[in-house]
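Engineer: Got a predicted structure here, sequence first:
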Protein chains: 2
Amino acid sequence: MPAISDVARLAGVSKATASRALSGRGHVAEQTRKRVVQAASEIGYIASPDAASLVTGRTKNIGVVIPFVNRWFFGTVLDGIERTLLSAGYDLTLYNLPIAGPDRSRVFDFFLARKRVDAVIVIGVDLSAGEIGGLERREKPVVCIGGSGEVTARLSIDDHDVGVLAASHLLHLGHTRIAHLAGIGAMSAPRSVPGLRAAGFLEATDAAGLPLRSEDDPAGAPGAIVVEAAMSMPGGFEAGLQLLGHPAHRPTAVFAASDEMAFGLIRAAERLGLSVPRDLSVIGVDGHEHAGLFDLTTIAQSPSDQGRLAVEVALRMLGGDAQADPLPDSGAPMPTRLVVRGSTSRPAAG
Amino acid sequence: MPAISDVARLAGVSKATASRALSGRGHVAEQTRKRVVQAASEIGYIASPDAASLVTGRTKNIGVVIPFVNRWFFGTVLDGIERTLLSAGYDLTLYNLPIAGPDRSRVFDFFLARKRVDAVIVIGVDLSAGEIGGLERREKPVVCIGGSGEVTARLSIDDHDVGVLAASHLLHLGHTRIAHLAGIGAMSAPRSVPGLRAAGFLEATDAAGLPLRSEDDPAGAPGAIVVEAAMSMPGGFEAGLQLLGHPAHRPTAVFAASDEMAFGLIRAAERLGLSVPRDLSVIGVDGHEHAGLFDLTTIAQSPSDQGRLAVEVALRMLGGDAQADPLPDSGAPMPTRLVVRGSTSRPAAG
DNA sequence: TTGAAAGCGTTACCAG
DNA sequence: CTGGTAACGCTTTCAA
């Protein structure tokens, strides 16, 4: 493996000059720079990042903490991050965070505690105060996408508003028996993404005069109901079979907390012989790339943009200038938009 | 940031002893070891991996090259890798490889060329001779999962056999008009995963006396046909609309090269008013976690096991003993099994 | 503009 | 079993 001293010798300069010529820091005569670069490529020299970061304190490496890679939102955010990092010359170290348990603290206390990453991007994780404290103590920039926890830099859509928007769309169409397929923890963790969406939903249905019902309530009456399930296609499917199983109790519209849940719900409806949107209107959240295929009305967001932006924010924070607000638009929520397709319509007459 | 010299001072020993005590290499009196460990945890010391790898040449970091994170197979393999690596104390650096273009060579020539990873795991990539040469020149262990290219360590299922098995299942049921929804490149890259599956399919249909047909052939006659599409749900959907669009040309059974394609195909069939399996039998490949939800017959494999195993192989190669065969079972293919569900049946009479 | 030399934080060798 | 010391490969003062 050629070292910088080899390059220096071949180019007839000192290590110092070779370093300056190759890294672009400090002034070097154009002619010598060329000679050094030529020598380097001749022997296939590539700088050792370890040696460099040992002295500079920078690793050119960003840690990404993510709970799933196999859910569309998360995978797509990761994709956006990776692409942006690649073109900035940064490495991405992936930490697939288990929901809880000893491995989770291992990620925070061991892996992230070492000096291997310049910054951390955390996607869709509800961070505990202790975890946040640990990260901040290392003085590494932390950028969050979604999730919850009192952190300085967070990029996210307005999840409460998403809930309001979805409910309003259904109310507007004239539905009065509406269910919300919420993510796990919606009721117990009000600041989490599922919690905020559920709260927005309930606020809107309440404002419209719909009472909150439980599954045991008398059938057929107007009202809103919230059911929790895994935010995945099977989650939506299972919950859907349950929710739609009793004709008398059946809502005429459902707001699913994610498009993947909505897909599962639609399949459950079909399995039960229901037609969407004639018997059931469905609206989801995400703007999943398969939403068109299911003809699903959804509240779209742009995960890959969020990923790209998170990287830009992190790099900006790394670039010093600690005073300047690193967040674009002073931390305004990321945009969402209602995409109306064929899965929502007015309820059947009667 | 506390350094090892701080630990040494606090414990009243030399740096050398402190290092030995903490890393476990070399002999240290049990009593001093305890004192050092105690001192380390007291000041929250964590070794700098950069400094360590500078001298040992080992980074405790594995590079993973992957073309998608958002396809189930790839995401699940990644998950298995990550989990295994985490418990072995290794980091995972992710390279989301663009299919082609300058960014692709950048991954190989710049990112992987640096000394930042101890080994590389490559998932589902058709490696060129040049790319393989580059990797081998760095003398880093390379483990491939799927994909193609003449590399020493490869873990994969027998994709040719998968094609045979799928075709045989359909033939056995009595189908004589069978289509194969193949991945892109199946016909042009015979050693690739799509190529092998298609070859197996054609071998079996040919042996059964079914002629290979093109889309323009006279309708209704027995035969096998191969259509290429993206190995995703939308890919299967679009191709399905095309393939099933003309009633006269319609096959009675389709072998989709992945479960995700099969899901799309099933939706296309439903969209066209066809009933599965009455009008159309469908078999996929993967054992996708949603296969049950679509009641899909499939040839299941275990991506997360493949991921786990790839890590074990890589670590074994790293552990010296270059002579011993690092591959389990002398490189025998990974297991697959036919899971019969409701999407395949005998063709309708007539 | 260039060079010499002093680190960065470890581990590994060689004495003791 | 332990301590001193020399690397590892780079960047960065400080002088020239």
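Structural biologist: Arrived safely, thanks for sending.
Engineer: what's the spacing between the residue lying closest to A:Asn96 once chain neighbours are set aside and B:Thr336?
Structural biologist: Leaving aside its sequence neighbours, A:Asn96 sits nearest to B:Glu82 (Cβ to Cβ, 6 or more residues apart in numbering or on different chains; 4.1 Å). Using the backbone N, CA and C atoms, a C-beta is placed for each residue, glycine as well. To B:Thr336, B:Glu82 is 23 Å away according to Cβ to Cβ, to the nearest Å.
Engineer: Please say which of these two ends up with more neighbours.
Structural biologist: B:Glu82 (25 against 20; other Cβ atoms under 10 Å in any protein chain shown).
Engineer: Just the CA coordinates for the helix or strand where the more buried one lies, please, in PDB.
Structural biologist: Using DSSP states H and E, B:Glu82 maps to helix B:72-87. The C-alpha trace of helix B:72-87 is given here as PDB (Å, rounded to 0.1, in the frame of the first residue of the first chain):
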ATOM      1  CA  TRP B  72     -37.900  -6.900   0.300                       C
ATOM      2  CA  PHE B  73     -35.100  -9.400  -0.600                       C
ATOM      3  CA  PHE B  74     -32.400  -6.800  -0.300                       C
ATOM      4  CA  GLY B  75     -33.800  -5.100   2.800                       C
ATOM      5  CA  THR B  76     -34.100  -8.400   4.600                       C
ATOM      6  CA  VAL B  77     -30.600  -9.500   3.700                       C
ATOM      7  CA  LEU B  78     -29.300  -6.200   5.000                       C
ATOM      8  CA  ASP B  79     -31.200  -6.700   8.200                       C
ATOM      9  CA  GLY B  80     -29.600 -10.100   8.700                       C
ATOM     10  CA  ILE B  81     -26.200  -8.700   8.100                       C
ATOM     11  CA  GLU B  82     -26.700  -5.700  10.400                       C
ATOM     12  CA  ARG B  83     -27.900  -7.800  13.200                       C
ATOM     13  CA  THR B  84     -25.000 -10.300  13.000                       C
ATOM     14  CA  LEU B  85     -22.500  -7.500  12.700                       C
ATOM     15  CA  LEU B  86     -23.800  -5.600  15.600                       C
ATOM     16  CA  SER B  87     -23.500  -8.500  17.900                       C
END
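Engineer: what's next to the helix or strand that that helix is followed by, contact-wise?
Structural biologist: Next helix or strand after helix B:72-87 toward the C-terminus (DSSP H and E): strand B:91-96. Outside strand B:91-96, the residues within contact range by Cβ atoms under 8 Å, 6 or more residues apart in numbering or on different chains are A:61, A:64, A:78-79, A:82-83, A:86, A:91-95, A:111, A:116, B:59-69, B:78, B:81-82, B:85, B:107, B:111-112, B:116-117.
Engineer: Tell me the helix or strand right after strand B:91-96.
Structural biologist: Past strand B:91-96, the next helix or strand by DSSP H and E is helix B:102-106.
Engineer: Output the below-cut-off pLDDT ranges for chain A.
Structural biologist: A:321-324, A:350 (pLDDT under 70).
Engineer: just to revisit the earlier point, of the contacts of strand B:91-96, keep whichever come out buried.
Structural biologist: A:61, A:64, A:78-79, A:82-83, A:86, A:91-95, A:111, A:116, B:59-69, B:78, B:81-82, B:85, B:107, B:111-112, B:116-117 (16 or more other Cβ atoms under 10 Å in any protein chain shown).
Engineer: residues from chain A in reach of DNA strand C?
Structural biologist: Applying Cβ under 7 Å from any atom of the strand, one finds that chain A approaches DNA strand C through A:12-17, A:20, A:26-29, A:31-33, A:51, A:54-55.
Engineer: Give the buried subset of the residues you listed as a ChimeraX selection command.
Structural biologist: Buried members of those, defined by 16+ other Cβ under 10 Å, are picked up in ChimeraX with:
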select /A:13,17,20,28,32,33,51,54
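Engineer: if I pick A:Ser53, what's in contact with it?
Structural biologist: So A:Ser53 contacts A:Thr59, A:Lys60, A:Lys115, B:Asp50 (Cβ under 8 Å, 6+ apart).
Engineer: Any chance of CSV for the residues you listed, columns distance to DNA strand D and secondary structure?
Structural biologist: CSV is the format used below for the contacts of A:Ser53 (distance: Cβ to the nearest atom of the strand, whole Å; DSSP: H, G, I helix; E, B strand; the rest coil):
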residue, distance to DNA strand D, secondary structure
A:Thr59, 12, coil
A:Lys60, 10, coil
A:Lys115, 14, coil
B:Asp50, 9, helix
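Engineer: how about the strands in the stretch 201-350 of chain A?
Structural biologist: A:223-229, A:253-256, A:281-286, A:297-300, A:337-339 (DSSP state E, counting those that start in this stretch).
Engineer: and for the last one, what are the contacting residues?
Structural biologist: Surrounding strand A:337-339, the residues in contact under the criterion Cβ under 8 Å, 6+ apart are A:Leu165, A:His169, A:Gly287, A:Ala291, A:Thr297, A:Thr298, A:Ile299, A:Ala300.
Engineer: Tell me the one among those nearest to B:Ser148.
Structural biologist: When those are ranked by distance to B:Ser148 (Cβ to Cβ), A:Ala291 comes first, at 33.7 Å.
Engineer: Give me the distance between the closest one and A:Ile299.
Structural biologist: Taking Cβ to Cβ, one finds A:Ala291 at 10 Å from A:Ile299.
Engineer: okay, and the common contacts of these two?
Structural biologist: A:Gly284, A:Val339.
Engineer: for DNA strand D, what are the nearby residues on the stretch 1-150 of chain A?
Structural biologist: A:1, A:3-5, A:15-16, A:19-20, A:22-23, A:25-26, A:45, A:47-48, A:51-52, A:54-56.
Engineer: returning to what we had before: adding distance to DNA strand D as columns, could you present the strands of the stretch 201-350 of chain A in TSV?
Structural biologist: Below are these laid out as TSV (distance: least, Cβ to the nearest atom of the strand, whole Å):
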stretch	distance to DNA strand D
strand A:223-229	52
strand A:253-256	51
strand A:281-286	42
strand A:297-300	43
strand A:337-339	45
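Engineer: Point out the most buried one among those.
Structural biologist: Mean neighbours per residue, mean count of other Cβ atoms under 10 Å in any protein chain shown, is largest over the strands of the stretch 201-350 of chain A for strand A:253-256, with a mean of 32.
Engineer: what's in contact with that one?
Structural biologist: A:163, A:166-167, A:170, A:173, A:175, A:177-181, A:201, A:236, A:240, A:243, A:262, A:265, A:280-285, A:344, A:347.
Engineer: Which residues are in contact with A:Leu165?
Structural biologist: Contacts of A:Leu165 (Cβ under 8 Å, 6+ apart): A:Gly200, A:Ile299, A:Thr336, A:Leu338.
Engineer: switch to 7 Å and redo it
Structural biologist: Residues near A:Leu165 by Cβ atoms under 7 Å, 6 or more residues apart in numbering or on different chains: A:Ile299, A:Leu338.
Engineer: host element of it?
Structural biologist: Residue-wise, A:Leu165 maps onto helix A:159-172 under DSSP H and E.
Engineer: The helix or strand just after that helix - contacts with which helices or strands?
Structural biologist: Downstream of helix A:159-172, the first helix or strand assigned by DSSP H and E is strand A:177-183. When contacts are defined as 3 or more Cβ pairs under 7 Å, 6 or more residues apart in numbering or on different chains; DSSP states H and E, strand A:177-183 sits against helix A:193-207, strand A:223-229, helix A:233-244, strand A:253-256.
Engineer: and these, which is most packed in?
Structural biologist: Here the criterion is mean neighbour count by mean count of other Cβ under 10 Å, and of these the winner is strand A:253-256, at a mean of 32.
Engineer: Parallel or antiparallel, which strands does that strand pair with?
Structural biologist: strand A:177-183 (parallel), strand A:281-286 (parallel) (DSSP bridges).
Engineer: A:Arg271 is nearest to which of these?
Structural biologist: Short answer: strand A:281-286, nearest of these by Cβ to Cβ, at 14.0 Å.
Engineer: any idea how far A:Gly134 is from DNA strand D?
Structural biologist: Distance of A:Gly134 to DNA strand D, computed by Cβ to the nearest atom of the strand, to the nearest Å: 28 Å.
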